[in-house]
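**Q** next come a sequence and a model predicted from it.
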Amino acid sequence: MAIGPNERVIREAVFDKPQLITYHWFGLFVLSAFCVFLPLTIPAGIVYVFILGRMIDSWSCTLTNRALHVKKGVFVKTEKTIPLDKITDLSMVQGPIMRRFGLFKVSVETAGQSSAQGGHLVSLIGITDTEGFRLEVLEQRDLITCGEQPGLPSPALPEPTPVAADGGMTEALLVEIRDGIGRMEEQLQRIAEKG
């Protein structure tokens, strides 16, 4: 996976391969219950488990300080780099069968993504400690969008408004507010006269 020279790996997702295989095997078993040719589903299941194992081994998801790098595919390889500042949310879904196997599906939602499409940019199933991984991605995203980077100084905050000892605003501040409102009224009058 191509990680940029200025990127630092924060976390590598680990997939729960045994649970994923069991989950998919269960789905194949349920499907084969409705099949007329049950003897053909057993060899198909063995091939399915072999291919599924290779598919899961091909998955990787790396969180860096700038992006989420996802790689999938045995026959058709797909690599996606999602900048953290474009991620709006990581949704977690767990259906009843997934709950039985302790699995979650995580979908990455990004800014500018059309929800009418119904699809997500990236969907991953079976990450161990899914909630911890999700929270770590969102925390890193928040650091990026707030302009803070670990090891770099935080952006300067504006000076607090002076407050009198009795809890009220100082008279100087009230005068400044009154003058500002007066200037806005003058501007509005000029605009109204021109229009």
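**A** Structure received. Residues are numbered from 1 along each chain as shown.
**Q** let's verify residue 103: helix, strand, or coil?
**A** Taking DSSP: H, G, I helix; E, B strand; the rest coil as the rule, one finds residue 103 in the coil state.
**Q** hmm, it is touching residue 18, no?
**A** No: using Cβ atoms under 8 Å, residue 103 makes no contact with residue 18, being 11.1 Å away. Where C-beta positions appear, they are placed from N, C-alpha and C, glycine not excepted.
**Q** pick out whichever of those two has more residues nearby.
**A** residue 103 (22 against 11; other Cβ atoms under 10 Å).
**Q** and the closest residue to the more buried one other than its chain neighbours, how far from residue 66?
**A** Spatial nearest neighbour of residue 103, chain neighbours left out: residue 126 (5.1 Å); criterion: Cβ to Cβ, 6 or more residues apart in numbering. For residue 126, the distance to residue 66 (Cβ to Cβ, to the nearest Å) stands at 25 Å.
**Q** more neighbours: these two, which one.
**A** Taking other Cβ under 10 Å, residue 126 and residue 66 do not tie; residue 126 has more neighbours (25 against 19).
**Q** which phi and psi does the more buried one have?
**A** Backbone torsions for residue 126, taken as degrees, to the nearest 10, come to phi 90, psi 20.
**Q** who touches it in this structure?
**A** 15-17, 19-20, 23, 56, 103-104 (Cβ atoms under 8 Å, 6 or more residues apart in numbering).
**Q** kindly recompute the last result at 7 Å.
**A** 15-16, 19-20, 103 (Cβ atoms under 7 Å, 6 or more residues apart in numbering).
**Q** repeat that for residue 141.
**A** 84-85, 87.
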